[in-house]
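> model this:
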Amino acid sequence: MQLQQEFDALNDVVLGQQRELFAWRAAFARFETRLDNLADPEPPRDPLAEQPPHY
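Below you'll find the model as predicted:
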């Protein structure tokens, strides 16, 4: 009986760590996307080369 309780407790810890790992992976993926967006900004726009919308 004691062994089963210890096994269940260990299983709960491992499942909690797995959930935490998935959350960290998702956060890392979001961070990586934001970092990529900062590294490759849109090219600067030349306002003189753009035509107004009524042309």
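
> roughly how far does Glu50 sit from Pro43?
13 Å (Cβ to Cβ, to the nearest Å). In short, each C-beta sits where N, CA and C put it, glycine included.

> among these two, which residue is more densely surrounded?
Taking neighbours as other Cβ atoms under 10 Å, Glu50 and Pro43 compare with Glu50 leading, 9 against 6.

> SS state for the more buried one?
coil (DSSP: H, G, I helix; E, B strand; the rest coil).

> now do it against Pro44, distance only.
12 Å.

> cool, Phe28 as well?
30 Å.

> more neighbours, the two?
Phe28 (10 against 6).

> what's the helix or strand for the more buried one?
If you go by DSSP states H and E, Phe28 is part of helix 2-39.

> which strands or helices does that helix pack on?
With contacts taken as 3 or more Cβ pairs under 8 Å, 6 or more residues apart in numbering; DSSP states H and E, helix 2-39 sits against no other helix or strand.

> what is the mean pLDDT for it?
In this model, helix 2-39 has a mean pLDDT of 95.

> now find how far off-centre it is within its chain.
12 Å (Cα atoms, centre = their mean, to the nearest Å).

> same check on stretch 26-43?
Worked out by Cα atoms, centre = their mean, stretch 26-43 lies 10 Å from the chain centre.

> buried residues in it?
Buried residues in stretch 26-43, counted by 16 or more other Cβ atoms under 10 Å: none are found.

> with stretch 4-19 instead?
Buried residues in stretch 4-19 (16+ other Cβ under 10 Å): none.
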